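A.B. asks: could you work out the structure for the sequence below:
(2 chains)
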Amino acid sequence: MIEIDNITKIYDSARAVDGVSMTIDTGTITVIVGTSGSGKTTLLRLINRLEEPTSGEVRINGQSTLDVKPHILRRRIGYAIQGHGLFPHHTVARNIGAVPQLLGWSRDKIDARVDELLDLFSMAPQDFRNRYPSELSGGQQQRVGVARALASRPDLILMDEPFGALDPIIRTRAQEDLRRIQQALGSTIILVTHDMEEAIRLGDRVAVMDGGKLVQYATPADIITHPATDFVADMVGDVERPLRLLSLTPLADVIEDGHASGTPLPPDANLRDALSACLWTGRSAVPISDHGKVIGRVTLDAIRARAEVHA
Amino acid sequence: MRFSAPGVLFAILGGAALLAPFMTLAANRIVAGDAVPIWSVVPPGQTALGLAAVLLGLALGVPAGRAGLRMVGPLIGLAGLLWLVIQGAPALLDGAGDYARVSPAAGFWCLLVIFALLMADAITALKPGPYQRALLLAAAVAALAAVLGSGVLSPLSVLQEFSARRDAFASEATRHLWLAFGSLGMAGIIGFPLGVLGHRKPALRGAILPVLSFLQTIPSLAMFGLMIPLLSWVGATVPGARSLGIAGIGFAPVFVALVLYSLLPVVGNTVAGLAATPAQALDAARGIGMTAGQRLWRVELPIGLPVILTGLRIVLVQNIGLAVIAGLIGGGGFGTFVFQGLNQTATDLILLGALPTVALALTAAIVMDILVDLTRRLPKETP
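C.D. replies: Residues are numbered from 1 along each chain as shown, chains lettered A, B, ... in the order given. This is a model prediction of the structure:
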């Protein structure tokens, strides 16, 4: 559990982060979202003490981060940033193994861990181990950057716009990868983004920052249905609110018995996908099939009911 | 057939150089000698062979494209030059008197430079890697050492001057190396930490670099001149300084001046090299828990090393040259021969100081370039 306790950071009388308190549960993804200058990156950097707080403190599992030397603290916390920040003069293997090396792991253990992570990110170790960052594509560099953050199996990982430099298709894949890996490892991730779409897609909880203050800290569904301020509503976007809400609900939640024609969808697709399929093919219901077997359907009425509930 | 532009130019220049005096024969080491053209340094039968080699060497540079051939051409030409001098020197000295001196003249030196440039052009076209260049350099040094060591050139006046000063040459050479490398080392010891500090603290950088730039603009003779009163004052007033050899003339003022000249390239390139690390890589280095020292040694320094070594290269080549002026104020080194030669109007004694200095600077430059290349291990940016 990470407790951020009334933390404030003042630069030359400007309050970059202003009295923020929040509690983050272990094993979840928390996304801090805000416009530029909202203090979201500063808040993240206060957690691993890349910035020192003016007042307040952060506790990780009850222990204040101020009780630990900063570089020791940072070695226990994964860190990935926009534009990857890989060391250009080190191979992929040395980049990924950087933190284990700082922690004094043995050579064999580091090598094994590097290969394991490359496998996890679908990069064949024998092909990529000895390449330099400049020999990788943007998406590959980003994956190596995230792999470096995971290398020492930290319980907590901080990510600052990790997918900001990627094109939309690769970005979606990277987000799915992160979700999958986070669920497999059970790590706690705090991620900063300016993209509400990304926040809603990835976050178990979303923290909205504005002018250094935490204006809302809630589940994605709450953020969409009950925005705390006009600013949050703006960030969500009025027009897209129902669609965003639908994208949070898997089909499995509203499945009903009955027949429908046309191409089926899998149960882990969401209501937004189903709505899109209905509108595009002029159907009023879509069949749902699990591993090739039709298990029910979702009707347009059920979708509408879900979207209207909050009106 | 396509022609190589430099090859054609050098062939024309080489042709002209053939008409210039090839060697000179003088009654003694002071007086000006009589010019001897290339075709009459030795009996015609022997001349023909050497002359043919020189002409072939020039001709092989003309066609474009054949890098291997253009490498062989200068070698044949150089062999021809060497052969002519080896044959010519004793032949000219024969019956010319006990004090007679024979030296290569303008024509020889021009052809030597032309073949060296042709070879450099051919080597550049071959794009050798750092190890291949090291091998080429070693081969060139070995060949030079073999020719000089064999004694075939000893009738030449400059080597006569050498054999009269064998011991002095060894000690002045050592002194010259001490001046050049010692000042480089001292500049490194002072300049590298200054560079690191300057990198960390922009305010300090803003104060240091203009001062060092100013030092760099002082002409070398004026700098040595300034050192004389300054260090004689230090030697006279600071206890123990005199016993360390600190005085207005001699080794100390030259050494101090060379160190001062070296500081700007060392500090400037250290600052520039350390700044070459991408900001994001540096933020990541902090973020994953590297201490300031680890960031310096593992990230900033390796990335900046080629730039820092380029600074050391500038210093080394500059100091090997500047150290010659040490001869003027009793600092020793090859400059001693240069200034003795100037005083005695003995041209070959001047060359005894100048030629090793040039060879040393050239070798140092090539070695440093190889080192810079080796530290630039990064792959080229992929498009």
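A.B. asks: off-centre distance for whichever strand or helix holds B:Leu84?
C.D. replies: B:Leu84 is part of helix B:67-93, with elements assigned from DSSP states H and E. How far helix B:67-93 lies from its chain's middle: 23 Å, per Cα atoms, centre = their mean, to the nearest Å.
A.B. asks: which helices and strands sit right next to it?
C.D. replies: In terms of contacts (3 or more Cβ pairs under 8 Å, 6 or more residues apart in numbering or on different chains; DSSP states H and E), helix B:67-93 is packed against strand B:23-26, helix B:44-60, strand B:101-104, helix B:106-126. All C-beta spots, glycine's among them, are computed from the backbone N, C-alpha and C.
A.B. asks: out of the ones you listed, which is closest to chain A?
C.D. replies: helix B:106-126 (26.1 Å; Cβ to the nearest Cβ).
A.B. asks: what residues sit buried inside the closest one?
C.D. replies: For helix B:106-126, a neighbour-count test (16 or more other Cβ atoms under 10 Å in any protein chain shown) marks B:107-108, B:110-112, B:114-115, B:117-119, B:121-123, B:125 as buried.
A.B. asks: coming back round to it: which one of the helices and strands packed on helix B:67-93 has the poorest average confidence?
C.D. replies: Mean pLDDT is lowest for helix B:44-60 among these, at a mean of 85.
A.B. asks: so what touches it?
C.D. replies: For helix B:44-60, the surrounding residues in contact (Cβ atoms under 8 Å, 6 or more residues apart in numbering or on different chains) are B:10-11, B:14-15, B:18, B:38-42, B:69-70, B:72-81, B:83-84, B:87, B:111, B:114-115, B:118.
A.B. asks: now the angle from that helix to helix B:106-126?
C.D. replies: What separates the directions of helix B:44-60 and helix B:106-126 is an angle of 40 degrees, with axes from the mean of the first three to the mean of the last three Cα atoms, to 10 degrees.
A.B. asks: any of the contacts of helix B:44-60 buried? List them.
C.D. replies: Looks like the contacts of helix B:44-60 have B:10-11, B:14, B:18, B:38, B:41-42, B:70, B:73-78, B:80-81, B:83-84, B:87, B:111, B:114-115, B:118 buried, using 16+ other Cβ under 10 Å.
A.B. asks: list just the nearest of the buried residues of helix B:106-126 to B:Ala26.
C.D. replies: For B:Ala26, the nearest member of the buried residues of helix B:106-126 is B:Phe108. The distance, counting by Cβ to Cβ, is 15.1 Å.
A.B. asks: in contact with that closest one, which residues?
C.D. replies: Each residue near B:Phe108 by Cβ under 8 Å, 6+ apart is listed here: B:22-23, B:81, B:85.
A.B. asks: please redo it, this time with the cut-off set to 10 Å
C.D. replies: The contact partners of B:Phe108, taken as Cβ atoms under 10 Å, 6 or more residues apart in numbering or on different chains, are B:17, B:20-24, B:38, B:41, B:81, B:84-85, B:88.
A.B. asks: same question, B:Gly107
C.D. replies: Each residue near B:Gly107 by Cβ under 10 Å, 6+ apart is listed here: B:14, B:16-23, B:35-38, B:81.
A.B. asks: could you redo the last one with a cut-off of 7 Å?
C.D. replies: Taking Cβ atoms under 7 Å, 6 or more residues apart in numbering or on different chains as the definition of contact, the neighbours of B:Gly107 are B:17-18, B:20-22, B:38.
A.B. asks: do the same with A:Arg74
C.D. replies: Contacts here follow Cβ under 7 Å, 6+ apart; on that basis A:Arg74 touches A:48, B:287-289.
A.B. asks: now B:Leu194: how far from chain A?
C.D. replies: Counting by Cβ to the nearest Cβ, to the nearest Å, the gap from B:Leu194 to chain A is 24 Å.
A.B. asks: tell me the SS of A:Gly27?
C.D. replies: coil (DSSP: H, G, I helix; E, B strand; the rest coil).
A.B. asks: give me the nearest residue to it, chain neighbours excluded.
C.D. replies: Here the nearest residue to A:Gly27 in space, its sequence neighbours aside, is A:Gly186; by Cβ to Cβ, 6 or more residues apart in numbering or on different chains that works out to 4.9 Å.
A.B. asks: try A:Leu86
C.D. replies: Nearest in space to A:Leu86, with sequence neighbours left out and distances taken as Cβ to Cβ, 6+ apart, is A:Pro133 at 4.1 Å.
A.B. asks: what of B:Glu172?
C.D. replies: B:Thr336 is the one closest to B:Glu172 (Cβ to Cβ, 6+ apart), at 5.2 Å.
A.B. asks: quick check: what element follows the host helix or strand of the one you found along the chain?
C.D. replies: With secondary structure defined by DSSP H and E, B:Thr336 is part of helix B:335-344. Toward the C-terminal end, the helix or strand that comes next after helix B:335-344 (DSSP H and E) is helix B:347-375.
A.B. asks: correct me, but A:Arg171 touches A:Phe163?
C.D. replies: Yes - the criterion here is Cβ atoms under 7 Å, and A:Arg171 meets it with A:Phe163 at 4.7 Å.
A.B. asks: looking at the two, which has the bigger crowd around it?
C.D. replies: The residue with the greater number of neighbours, taking A:Arg171 and A:Phe163 and applying other Cβ atoms under 10 Å in any protein chain shown, is A:Phe163; the counts read 26 against 18.
A.B. asks: quick one: the helices in the stretch 51-200 of chain A, in order.
C.D. replies: Along the stretch 51-200 of chain A, counting by DSSP state H, counting those that start in this stretch, helices occupy A:70-75, A:92-96, A:98-102, A:107-120, A:125-128, A:138-150, A:168-185, A:196-202.
A.B. asks: nearest to B:Ala207, out of these?
C.D. replies: The closest approach between B:Ala207 and any of those, judged by Cβ to Cβ, belongs to helix A:70-75 at 29.5 Å.
A.B. asks: coming back round to it: nearest to chain A among the contacts of B:Phe108?
C.D. replies: B:Leu81 (45.8 Å).
A.B. asks: quick one: residues contacting that closest one.
C.D. replies: B:Leu81 makes contact with B:54, B:108, B:111-112 under the criterion Cβ under 7 Å, 6+ apart.
A.B. asks: pLDDT score for the nearest residue to A:Arg241 once chain neighbours are set aside?
C.D. replies: When the adjacent residues along the chain are set aside, A:Arg241 lies closest to A:Ile224, with 5.5 Å between them (Cβ to Cβ, 6+ apart). With respect to pLDDT, A:Ile224 has a value of 88.
A.B. asks: how about the one 4 residues further on?
C.D. replies: The predicted local distance difference test score for A:Ala228 is 91.
A.B. asks: quick one, phi/psi of it?
C.D. replies: phi -70, psi -30 (degrees, to the nearest 10).
A.B. asks: surely it and A:Leu214 touch.
C.D. replies: No - checked against Cβ under 7 Å, the pair A:Ala228 and A:Leu214 is beyond contact range at 9.9 Å.
A.B. asks: and these two? which has more neighbours close in?
C.D. replies: Applying other Cβ under 10 Å to A:Ala228 and A:Leu214 shows that A:Leu214 carries more neighbours, namely 24 against 15.
A.B. asks: flag the shaky bits of chain B, pLDDT-wise.
C.D. replies: Along chain B, the model assigns pLDDT under 70 to residues B:1, B:377-383.
A.B. asks: please name the nearest non-neighbouring residue to B:Leu209.
C.D. replies: B:Gly268 (6.4 Å).
A.B. asks: which one of the contacts of B:Phe108 is nearest A:Glu176?
C.D. replies: Comparing every one of the contacts of B:Phe108 with A:Glu176 (Cβ to Cβ), the shortest separation belongs to B:Leu81, at 72.9 Å.
A.B. asks: show me what the longest helix anywhere in chain B packs onto, helices and strands only.
C.D. replies: Taking residue count as the measure and DSSP state H as the definition, the longest helix of chain B comes out as helix B:166-200. Judged by 3 or more Cβ pairs under 7 Å, 6 or more residues apart in numbering or on different chains; DSSP states H and E, the packing partners of helix B:166-200 are helix B:202-217, helix B:251-274, helix B:301-322.
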